[in-house]
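J.: This is a predicted model, with the sequence first.
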Amino acid sequence: MPKSFEADTAPVTRGEAMRRVGAALALGMLLSTIGVTEQAAAAPPPTVKLMAVGDSYTAGVGGGSADGNVAHGNYKASCRQEAQVNYAGQTVGALVARNHPIDYRVAACNGAVTSDVWSTVQSGAPNTQVKAVRDFQPDIIVMTIGGNDLGFGQIMTDCVAVGCDTTRIANPRLVGKGVPGERKSWDGFYDRLVYTYNQIHAAAPKAQIYVLTYPIFFSGSTQWSNVQKVTGCQRVPGFVATKINASVQRAGDTIYWATQKANTDTGGKVHFVDWRVGPPDPNGLCSSPNSGSWNLNGIMLPAAPWSKDDSFHPTMTGYKLASDRLVQALAGYPWPTAPQQPQPQPQPVFTVMNTSESPPDGVWFRNSPHTADTSRITGLGVYRNERVRLRCYAWGDPVGAYANRLWYLVDNLSRTTVSGRANSGYLNAHYINDGKQSNVIDAGVPAC
């Protein structure tokens, strides 16, 4: 192999040498930039908007987070939105961990009945929850609603304070605002649910709505024998607990049938998610002396703000159970995928020619598409019949009898390195055996 490239031994001035060093550094930066571009990280999937609406079981009452008294957005602190530990918040955490970016909002409020979700006030202005849905336009809505319409809170309070009304447990009297054509008791409950789901759909027509049941309250009474009296379990007789569980079970069944009807009405937008275990729930109320293992809180004395509201609401463990069920249901959601990154086009490879027109054989690489801009490093360039890969093109000084002004930034594939540096640089198309006429760019090669 010849010791030098090209018959060029002209002296180099100090200024010219500095200019060439700068050009070489610029070329190195360009090569580095090209490499980074080819290895750019994939874009994340689009963000999905998720909103939680409904009552205290959606808001997160009883979960015990530190933000239980904090107002979120436009909602009052009394709504008890414990946004991180409720089932929606725990679900969002699981979804983000699965590479589903989520924009998450909570509109649910402690004490809400169905009409609090969809109704308008006398002035005609939409109420908080439906307005939040309409303004946010979520992709996913998760909700639990209806327990307060059945009067569950009052039923449980009466059981503890004055005794259980077993008739009302079996045949609830609906409370709150009704809906057009509403029937009584369980049939009326069904009517309210269907109406509510359809109204939420009307506020956000593109949203997929996931409706959760309520959890079963009590464990089997046979588990109660070792439970300490301070838990209050002795205040609810075993046969009453069984009736309460049956009522919660029937509420869940009614929610199921209401979601099926609304799913038909909305063209497949409403989905049922079953939170229930049992009945009885082996980890329900009074399941062991250690209330820390229960899925629901027992009787909570009003020793601190809000604590009395936590009674008969899920613990963080109970919300985790709901979250697990919801995550399973959301596996069927049509999650958007990350935009496809353009695939790099295969870079053309050709052999080298015309390198021995001016002996000795070999042509230096240039730092730019200009003939004089070379570092004159022996071997940093090409010899005849070596293979080069074309990265990009640029226009510069003419070379050869046909004044070819087309230059390519190339990699020498036959000798990839020279003295520890990449054997790459600018080479005029005159030296590339691509079968093209002068000044004709090879297909698929981008501009530099």
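T.: Received it, and whenever you're ready, just let me know what you need. Numbers count the residues shown, from 1 in each chain.

J.: In the stretch 301-448 of the chain, what residue spans correspond to helices?
T.: Secondary structure of the stretch 301-448 of the chain (DSSP state H, counting those that start in this stretch): helices located at 316-330.

J.: Where does pLDDT dip in it?
T.: Across the stretch 301-448 of the chain, the ranges flagged by pLDDT under 70 are 301-309.

J.: go on, the stretch 101-250 of the chain?
T.: For the stretch 101-250 of the chain, the stretches flagged by pLDDT under 70 are 120-127, 157-158, 160-163, 166, 221-235.

J.: where's stretch 91-103 relative to the chain centroid, distance-wise?
T.: Centroid separation for stretch 91-103 versus its chain: 4 Å, with C-alpha atoms, centre = their mean, to the nearest Å.

J.: buried ones in the lengthiest strand in the chain?
T.: Assignment by DSSP state E gives strand 387-399 as the longest strand of the chain. Across strand 387-399, burial judged by 16 or more other C-beta atoms under 10 Å covers R387, V388, R389, L390, R391, C392, Y393, G396, D397, P398, V399. C-betas here are computed from N, CA, C, even on glycine.

J.: Quick one: list the elements packing against it.
T.: Judged by 3 or more C-beta pairs under 8 Å, 6 or more residues apart in numbering; DSSP states H and E, strand 387-399 is in contact with strand 349-351, strand 404-412, strand 424-428.

J.: For the residue nearest to L50 when sequence neighbours are not counted, give me the backbone phi and psi.
T.: With sequence-adjacent residues excluded and distances taken as C-beta to C-beta, 6 or more residues apart in numbering, L50 is closest to I140, at 4.4 Å. Taking degrees, to the nearest 10, you get phi -130, psi 130 for the backbone angles of I140.

J.: I140 reaches Y210, doesn't it?
T.: Yes. Contact between I140 and Y210 holds when scored by C-beta atoms under 8 Å: they sit 6.8 Å apart.

J.: Find residues that contact each of those two.
T.: Jointly contacting I140 and Y210 under the rule C-beta atoms under 8 Å, 6 or more residues apart in numbering are L330.

J.: returning to that earlier point: tell me how many other residues surround the residue nearest to L50.
T.: Residues lying near I140 (other C-beta atoms under 10 Å) number 24.

J.: ok, now which ones touch it?
T.: Contacts for I140 (C-beta under 8 Å, 6+ apart) come out as V48, K49, L50, M51, A207, Q208, Y210, L330, Y333.

J.: Check the gap between it and Y402 for me.
T.: 64 Å (C-beta to C-beta, to the nearest Å).

J.: Quickly note the distance from W407 to G220.
T.: Distance, W407 to G220, by C-beta to C-beta: 84 Å.

J.: Tell me which stretches of the stretch 151-300 of the chain form strands.
T.: Secondary structure of the stretch 151-300 of the chain by DSSP state E, counting those that start in this stretch: the strands cover 208-212, 270-273.

J.: R183 is in contact with D191, isn't it?
T.: Yes. Judged on C-beta under 8 Å, R183 makes contact with D191 at a distance of 5.9 Å.

J.: neighbour count winner among these two?
T.: A count of neighbours by other C-beta under 10 Å puts D191 above the other of R183 and D191, at 21 against 14.

J.: coming back round to it: among W407 and G220, which residue is more densely surrounded?
T.: Between W407 and G220, W407 has the larger neighbour count (other C-beta under 10 Å), namely 27 against 18.

J.: what about the longest helix in this structure?
T.: Assignment by DSSP state H gives helix 238-265 as the longest helix of the chain.

J.: Now do the same for A97: its pLDDT.
T.: On the pLDDT scale, A97 is placed at 94.

J.: Look up how far Y426 lies from it.
T.: 48 Å.

J.: Comparing these two, which residue is more hemmed in?
T.: Taking other C-beta under 10 Å, A97 and Y426 do not tie; Y426 has more neighbours (27 against 8).
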